[in-house]
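Colleague: I would like to see how this sequence folds:
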Amino acid sequence: MTAPLVTILDDEPEIRSILSEALEDAGFRTMGFGRATEFEAALKTFSPDVCLVDLGLPDKDGLTLVHRLALEQGAALIIISGRVQVQDRVTGLELGADDYIIKPFDPAEVVARVRARLRNGRSAAKTVSNTASFNGWTAFFDRYILKDDTGIETPFSHAEGEVLRLFLDSPKRLISRAHMQETLGGTAGESFDRAMDVRISRLRTKLREDPKNPRLIKTIYGAGYIFLGDVTWS
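Modeller: A predicted model of the protein is given here:
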C-alpha cells in the first residue's frame, strides 16, 4: 500500500525540513512548497491526502487559499500558523480547515494530528457508502457536493463532510460533544467546541436551515445535537 502523501506549504525552509523529517520518520510521503503558486501548479498532477498550510505566505493570502482548497480538494486540511489570535483560528475553521496548529509546535503533535485526520477518513469510508439521501437532499461524499431536489449543487468542505457524515450515520439519536470529539479527533475544550459550532453553522446555511428554528440539525442545549432527517445510504 502506498504511504499517504502530506504536502507542506510554508515559506520557511527550516519548518518544511522539520515537518518532512518527522512525517517521513512516521511513514508518510511528503512534498514541500515555499510559495502558493508552486503548490497550486503541482496540485494539477497529484492528489495529497493531507495539506499542511501556513497562513503567512509571500505570494498569496493564506486564508483565501485555505477556503479554495477546502472546496476543491478532498484532502484533510490543517493550518499551521504563528497567528495566535482566536479570531484567526475561528476564521480558518470557518473557511473549511479541519484543524489549526499554532507555531511553535511539537513535530510529534503534528504527526499525531495528521494520523487522526487520516484515521477518521478511513473509518468513515469503511463504514458507509459515499452517497446519502435525506429530506430532498443528496450528499455525495466522493465529490463533496450537496444537491437539492431541483438539481442545484452546493460544495462542502472535508471538515463539514466529517460532521455531516456523523449526523447521517446516526439520525434521530443524540450526539454528544464528547462523542463528536472521540469520533472526529481533536482536543476537547473551548477550541474544539468552537470548531464544531462553526462547522454545524455552515452546514445549516448550506442546507438552507432557519438559524432560529432549524428543521434538520437540532441543538439540545447542554447535551449535544440531533439530526432529524430520514436518511438512506446508497
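Colleague: where does the protein dip in pLDDT?
Modeller: For the chain, the stretches with pLDDT under 70 are 1, 71-74, 120-128, 185-191.
Colleague: ok, which stretches of the chain are helices?
Modeller: Under the criterion DSSP state H, the chain contains helices at 13-25, 36-42, 62-72, 86-94, 107-127, 158-169, 177-184, 190-206.
Colleague: buried set for stretch 160-172?
Modeller: By neighbour count on 16 or more other CB atoms under 10 Å, the buried set for stretch 160-172 is 160-171. From N, CA and C alone the C-beta is placed, and that goes for glycine too.
Colleague: kindly export it (C-alpha atoms) in CSV.
Modeller: The C-alpha atoms that make up stretch 160-172 are tabulated as CSV, following Å, rounded to 0.1, in the frame of the first residue of the first chain:
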residue,chain,number,x,y,z
GLU,A,160,-18.0,19.9,7.1
GLY,A,161,-18.3,16.5,5.5
GLU,A,162,-16.9,14.8,8.6
VAL,A,163,-19.7,16.3,10.7
LEU,A,164,-22.4,15.7,8.2
ARG,A,165,-21.4,12.1,7.8
LEU,A,166,-21.5,11.7,11.6
PHE,A,167,-25.1,13.0,11.7
LEU,A,168,-26.2,10.9,8.7
ASP,A,169,-24.8,7.8,10.4
SER,A,170,-26.9,8.3,13.5
PRO,A,171,-30.1,10.0,12.5
LYS,A,172,-32.7,10.8,15.3
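Colleague: quick one on the thing from earlier: of all the helices of the chain, which lies closest to residue 4?
Modeller: Closest approach to residue 4 among those (CB to CB): helix 107-127, 5.7 Å.
Colleague: for residue 221, the count of nearby residues, please.
Modeller: A count of neighbours around residue 221, defined by other CB atoms under 10 Å, yields 5.
Colleague: so who does residue 57 touch?
Modeller: By CB atoms under 8 Å, 6 or more residues apart in numbering, residue 57 lies in contact with 9, 11, 35-36, 65.
Colleague: rerun at 10 Å
Modeller: Counting by CB atoms under 10 Å, 6 or more residues apart in numbering, residue 57 touches 9-11, 33-37, 39, 63-65.
Colleague: now swap in residue 135 and tell me
Modeller: Applying CB under 10 Å, 6+ apart, we find residue 135 in contact with 148-149, 207, 215-216, 228-231.
Colleague: by neighbour count, which of the residues you listed wins?
Modeller: Most crowded among the contacts of residue 135, counting by other CB under 10 Å, is residue 207 at 22 neighbours.
Colleague: name the nearest residue to that one, sequence neighbours excluded.
Modeller: What sits nearest to residue 207 in space, not counting adjacent residues and going by CB to CB, 6 or more residues apart in numbering, is residue 216, at 5.9 Å.
Colleague: the residue nearest the centre of the chain and residue 15, how far apart?
Modeller: By CA atoms, centre = their mean, the chain has its centre lying nearest to residue 159, at 2.5 Å. Distance of residue 159 to residue 15, computed by CB to CB, to the nearest Å: 23 Å.
Colleague: how many residues are close by the nearest residue to the residue nearest to the centre of the chain once chain neighbours are set aside?
Modeller: Nearest residue to residue 159, sequence neighbours excluded (CB to CB, 6+ apart): residue 98, at 4.4 Å. Residue 98 has 30 neighbouring residues, counting by other CB under 10 Å.
Colleague: likewise for residue 87?
Modeller: Residues near residue 87, counting by other CB under 10 Å, number 8.
Colleague: do residue 25 as well
Modeller: Neighbourhood size, residue 25 [other CB under 10 Å]: 10.
Colleague: what's the answer for the one 3 residues further on, then?
Modeller: By the other CB under 10 Å criterion, the neighbourhood of residue 28 contains 20 residues.
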